[in-house]
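Student: The following comprises the amino acid sequence and a computationally predicted model.
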Amino acid sequence: MSLSTKRAKLSSLLLFFQVFFLVLFAVFVRYDPNLHAVNHPWSDKGKGETSQIRLVAVPEVQVLSQNDTSNLSNLSSTNPDPVAEPAGYEAKKKHATTPTTKEWNVPTFDRINVASFYPMFQDVHVMIFIGFGFLMTFLKRYGFGSIGLNFLLAAFVIQWAILMNGFLNLEDGKILINIKSLIAADFGAAVVLITFGAVLGKASPVQLIIVAFLEIICSSVNEYICVHHLKVADVGGSMLIHAFGAYFGLALARVIYSRDIEDSTKEGSNYHSDLFSMIGTIFLWLYWPSFNAALATGDDQHRAVINTYLSLAACCVVTFAVSNAINKGGKLDMVHIQNSTLAGGVAIGTSADMMVEPWGAIIIGSVAGLLSVIGFTYITPFLYKRAKIHDTCGVNNLHGMPGILAGIAGAITAAIASTDKYGKSLYELFPARAPANGTELADIQSSLSGIEPGEGRSGVEQAGYQLLALVITLSFAMVGGTITGFILRIPFCNQPQSNNLFEDNPWWSLPDAEEGDVLVRMGDGSENSREMPLKEKI
């Protein structure tokens, strides 16, 4: 197949999907009502129009204490709100039980929600586009593909993930988006990029776009089942994102395996490619607390940051210790340092917002580091030799097994969770544990108005559902990855062969050949051959 034909396939496929997304966005996607200009309660637009008043979502009231935040110290009876408001939106003072404390009811609009969520969103965005991208640049001949296709896939997926998540949560036939929708879309991109790591250097750009499209459908349906029907807790997505992406990728890698992969001599790193990969590691390690805490709120978010922070620190130390202990010659292995140091962020994800205690987070991170290094040293070679599962980036060791560990840790934590430890906030973390009706539910709702009637689950029952979600996720991932793998074997998808594996040259214009270089065609003269400078051949 000629290069022009391959180019036409990729261009046509990308343009087709972009037009497809455009049409779907035009038909279905709208701003959340609180984001629409005419619905802003401080706007002069639409005054006196009852239909517009009816559409306005009444702003939630957030009680802010003068003792809780210093930036409200300038509030007084003459200046009750730091932002001037028109008549009708005057802040109401509430008198506390003690004369030393004053509280104000301050309207909370989405501009404040953006201020709350956008820093976390930025961190997750950096992880997706820089962290994952640079982490995969360790292949010495596939750097352009690693970071370039990471860029493409993430941009592709965030559009499709917004649509898929929205289709499963339609409101009056429309998809309403806000800042949380963007965070969820980045999480969808993480699923696909984890799978990308399993087939790095072995799949063409056309194949990867097809994988992204199909995998988001599978992962979105799986998440809908686990969150909305099983009502499980997985704030950091260790089961629904990491485990799913890893085992979808491993199943996919098994189906597209060929002897050419085993015979290839291009897979591997060099000194400089490993340094670039460490850039991704450091970015991921620094921002992982935001990944796990992005969609949590209040004290749950605070715990998620602390628990992830401690788990990562312990994981890093244990990774260095175990790598040095089991590696031949007592030397550190850069593969372990690039990947296993991050396993603690995955392993704590499901229980990140739970009361695991700081020492519990350190234990989980330590076990994750040990498990990941052992996986790279023994399990990855075993799977390759015995099952023909070639895992380029070792996603089983960074995302797969730590994701399973996270699911188990989350189930154990859910089993022992009680109102003695959580108070009524237990029903925010585990909504299904709320009573279905009765005076107890009314009492809970009097304190936490957002609590819906639950199923009255016990802690052990909730733990069972957590484990069931893990099993369903693994099943969805492996079945979906297998089916997708067979689709990728269709000739249209441009499966790379022999010299095209782990190689940028078939897909990218490379600066290898300088003006005046003599080009020599290497290979058998087929489409798998490539031209290279004579000095490189020598």
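Tutor: Everything's here; your move.
Student: so what does the helix or strand hosting Ile194 touch, helix or strand wise?
Tutor: For Ile194, the host element (DSSP states H and E) is helix 179-198. Secondary-structure packing of helix 179-198 (3 or more Cβ pairs under 8 Å, 6 or more residues apart in numbering; DSSP states H and E): helix 110-126, helix 132-135, helix 143-167, helix 205-224, helix 244-255, helix 395. (Each C-beta comes from the backbone N, C-alpha and C, glycine too.)
Student: Tell me which of the ones you listed is the most buried.
Tutor: Highest mean neighbour count of the helices and strands packed on helix 179-198: helix 395, a mean of 29 (counted as mean count of other Cβ atoms under 10 Å).
Student: which residues sit against whichever helix or strand comes after it?
Tutor: Going down the chain from helix 395, the next helix or strand is helix 401-416, by DSSP H and E. With Cβ atoms under 8 Å, 6 or more residues apart in numbering as the contact definition, helix 401-416 has outside contacts at 233-234, 236, 238-239, 242-244, 246, 343-344, 346-351, 354-356, 360, 364, 367-368, 371-372, 375, 379, 430, 459-460, 462-464, 466-467, 469-470, 473-474.
Student: next one: stretch 11-23
Tutor: Phe156, Gln159, Trp160, Leu163, Val206, Ile209, Ile210, Phe213.
Student: quick one on the thing from earlier: and the helices and strands packed on helix 179-198, which one is worst for confidence?
Tutor: Among the helices and strands packed on helix 179-198, helix 110-126 carries the lowest mean pLDDT, a mean of 84.
Student: and the angle from that helix to helix 179-198?
Tutor: Using axes from the mean of the first three to the mean of the last three Cα atoms, to 10 degrees, the inter-axis angle of helix 110-126 relative to helix 179-198 is 10 degrees.
Student: Report all helices and strands that helix 110-126 contacts.
Tutor: Using 3+ Cβ pairs under 8 Å, 6+ apart: helix 110-126 touches helix 179-198, helix 271-293.
Student: again, only using 10 Å
Tutor: strand 60-65, helix 179-198, helix 271-293, helix 298-326 (3 or more Cβ pairs under 10 Å, 6 or more residues apart in numbering; DSSP states H and E).
Student: Now for Ile348: which residues touch it?
Tutor: Residues near Ile348 by Cβ atoms under 10 Å, 6 or more residues apart in numbering: 236, 238, 288-289, 292, 304, 307-312, 314-315, 354, 356, 360-365, 368, 402, 405-406, 409-410.
Student: how much space between Lys202 and Gly249?
Tutor: 11 Å (Cβ to Cβ, to the nearest Å).
Student: which residues do those two both contact?
Tutor: Thr392.
Student: Buried ones among the contacts of Ile348?
Tutor: 236, 238, 288-289, 292, 304, 307-312, 314-315, 354, 356, 360-365, 368, 402, 405-406, 409-410 (16 or more other Cβ atoms under 10 Å).
Student: give the contact list for the most centrally placed residue in the chain.
Tutor: In the chain, the centroid-proximal residue (Cα atoms, centre = their mean) is Phe187; its distance is 2.9 Å. The contact partners of Phe187, by Cβ under 10 Å, 6+ apart, come to 124, 128, 157-158, 161, 165, 219, 223, 236-237, 240-241, 291, 294-295.
Student: For Lys180, state which of those is nearest.
Tutor: Leu295 (6.6 Å; Cβ to Cβ).
Student: Now do the same for the residue lying closest to that closest one once chain neighbours are set aside: its pLDDT.
Tutor: Ranked by Cβ to Cβ, 6 or more residues apart in numbering and with sequence neighbours excluded, the top spatial neighbour of Leu295 is Ile183, at 6.1 Å. As predicted, Ile183 sits at a pLDDT of 97.
Student: who's in contact with Ile183?
Tutor: Phe117, Tyr118, Met120, Phe121, Val124, His125, Ser290, Phe291, Ala294, Leu295.
Student: quick one: pLDDT of the nearest residue to the fifth one once chain neighbours are set aside?
Tutor: It refers to Val124. Excluding the flanking residues, the one nearest Val124 by Cβ to Cβ, 6+ apart is Asp186, at 4.8 Å. With respect to pLDDT, Asp186 scores 98.
Student: residues touching Asp186, list them.
Tutor: 121, 123-129, 154, 157-158, 161, 291, 294.
Student: mind redoing it with 8 Å?
Tutor: Contacts of Asp186 (Cβ under 8 Å, 6+ apart): Phe121, Val124, His125, Ile128, Ala154, Ile158.
Student: Okay, the closest residue to the last one other than its chain neighbours and Thr380: tell me how far apart.
Tutor: Nearest residue to Ile158, sequence neighbours excluded (Cβ to Cβ, 6+ apart): Ala185, at 4.1 Å. Ala185 is 31 Å from Thr380, where distance means Cβ to Cβ.
Student: Of the two, which one has the most company?
Tutor: Ala185 (26 against 19; other Cβ atoms under 10 Å).
Student: Is it correct that that one is in contact with Val157?
Tutor: Yes: assessed by Cβ atoms under 8 Å, Ala185 is found in contact with Val157 at 7.4 Å.
Student: Can you read off the pLDDT for Thr98?
Tutor: 43.
Student: go on, Pro511?
Tutor: For Pro511, the predicted pLDDT is 87.
Student: Tell me how far it lies from His272.
Tutor: Counting by Cβ to Cβ, the gap from Pro511 to His272 is 15 Å.
Student: between these two, which one's more packed in?
Tutor: His272 (11 against 7).
Student: From Leu139, how far out is the more buried one?
Tutor: 12 Å.
Student: coming back round to it: compile the contacts of Asp186 into TSV and extend it with columns for distance to Phe486.
Tutor: Shown next, in TSV, are the contacts of Asp186 (distance: Cβ to Cβ, whole Å):
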residue	distance to Phe486
Phe121	36
Val124	33
His125	34
Ile128	28
Ala154	25
Ile158	27
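Student: which stretches of this structure aren't confidently modelled?
Tutor: 1-7, 40-112, 512-538 (pLDDT under 70).
Student: buried set for the helix or strand where Glu262 lies?
Tutor: Glu262 belongs to helix 259-263 when assigned by DSSP H and E. By 16+ other Cβ under 10 Å, the buried positions in helix 259-263 come out as Asp260, Ile261.
Student: That one: how far from the chain's middle?
Tutor: 32 Å (Cα atoms, centre = their mean, to the nearest Å).
Student: Now it - C-alpha only, CSV.
Tutor: The C-alpha coordinates for helix 259-263 follow below in CSV (Å, rounded to 0.1, in the frame of the first residue of the first chain):
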residue,chain,number,x,y,z
ARG,A,259,6.0,-12.8,15.3
ASP,A,260,7.3,-9.5,13.8
ILE,A,261,7.1,-8.0,17.3
GLU,A,262,9.3,-10.8,18.7
ASP,A,263,11.8,-10.4,15.8
